[in-house]
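**Student:** structure of the sequence below:
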Amino acid sequence: MTETPLTLDGSKTALLVVHLQPDIVAERTAFGSMFNPQLRERNVLAHTKEAMEAVRQAGGLVITLRIAFKPDYSDLIPSIPLLAMAQGAGCLKDGTAEAEIVEDIKLGSNDLVVTHKRPGPFTGSNLQQTLDAEGITNVVVCGIATNVSVEGAVRQAADLGYSTFVLEDASSAADQVSHDAAIATMGLFAQAISVEDLKTAF
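**Tutor:** Residues are numbered from 1 along each chain as shown. Got it, this is the predicted structure:
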């Protein structure tokens, strides 16, 4: 997707994999009914695994992000309609399999998992501290949904000064129109690239 060849230092690159959790992406789950069709049509899981392996081989950091709450939702602030929907649906509860990372995504021994409670994954989490401790300057984002927490992560990473990229073909939304619109908007904050672009950048 890039017009000129992209070059990245693998040791300074982190891949943020957003919300590949059964409650969000699996068929017949609370949010999966919205997001699963495009996830499958766009082959997001396969593309994500390819990106994860490329970053690992380049000596970078893979971080899977999950949003989850206490079973009684005492740590959920329902000021955002999407979070109120999660509470109403009784999903994304810590300790349940549906709130973990999907089994299709096999975590490596050095991969990290960061749990957060707002659509922007840097809010109230140790994500920035983790990236800075590892000397990360490049942040690549993919996952679900393009127009929600993928875009949230991109905007926050860009605001914090990281060189930020979004993997267009390893992300999806509830529909293609929403995905395309989000990718266009993120072009003001980040560079949209493909998994192939990422692989050849190292």
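
**Student:** which element is the nearest residue to Asp104 once chain neighbours are set aside on?
**Tutor:** Using Cβ to Cβ, 6 or more residues apart in numbering and skipping the chain neighbours, the partner closest in space to Asp104 is Leu45 (4.9 Å). The C-beta positions use only the backbone N, C-alpha and C, and glycine is treated the same way. Taking DSSP states H and E as the definition, Leu45 sits inside helix 44-57.

**Student:** mind listing what's buried in that helix?
**Tutor:** Within helix 44-57, the residues that qualify as buried are 44-45, 47-52, 54-56, counting by 16 or more other Cβ atoms under 10 Å.

**Student:** who touches whichever helix or strand comes after it?
**Tutor:** Using DSSP H and E, the helix or strand that follows helix 44-57 in sequence is strand 61-67. Applying Cβ atoms under 8 Å, 6 or more residues apart in numbering, the contact partners of strand 61-67 are 13-21, 52, 55-56, 86, 92, 99-101, 105, 107-108, 110-119, 121, 127, 130-131, 134, 136, 143, 149, 153.

**Student:** show me which of the residues you listed are buried.
**Tutor:** Looks like the contacts of strand 61-67 have 13-21, 52, 55-56, 86, 92, 99-101, 105, 111-112, 114-119, 121, 127, 131, 136, 143, 149, 153 buried, using 16+ other Cβ under 10 Å.

**Student:** do a quick rundown of the helices in the chain.
**Tutor:** Assigned by DSSP state H, the chain shows helices spanning 22-25, 32-41, 44-57, 81-89, 127-133, 151-159, 176-186, 195-201.

**Student:** for this protein, give me the ranges with low pLDDT.
**Tutor:** The model of the chain has pLDDT under 70 over residues 1-3.

**Student:** quick check: longest strand in the protein by residues?
**Tutor:** strand 163-172 (DSSP state E).

**Student:** hmm, who's touching that strand?
**Tutor:** 1, 18, 35, 38-39, 41-44, 47-48, 50-51, 137-146, 150, 154, 157-158, 179, 183, 186, 189-195, 198.

**Student:** any of these buried? List them.
**Tutor:** Those of those that meet the buried threshold are 1, 18, 35, 38-39, 42, 44, 47-48, 50-51, 138-146, 150, 154, 157-158, 179, 183, 186, 190, 192-195, 198, by 16+ other Cβ under 10 Å.

**Student:** tell me how far Glu27 lies from Asn36.
**Tutor:** 5 Å (Cβ to Cβ, to the nearest Å).

**Student:** first-to-last residue distance for stretch 110-129?
**Tutor:** 17 Å (Cα to Cα, to the nearest Å).

**Student:** I'd like the numbering to begin with 12 instead of 1 from here.
**Tutor:** Sure, I'll start counting at 12 from here, so that last one is stretch 121-140.

**Student:** distance of Ala181 from Ser44?
**Tutor:** Counting by Cβ to Cβ - Ala181 and Ser44 are separated by 21 Å.

**Student:** higher neighbour count, these two?
**Tutor:** Ala181 (29 against 12; other Cβ atoms under 10 Å).

**Student:** contacts only, for Ser22.
**Tutor:** 69-71, 146.
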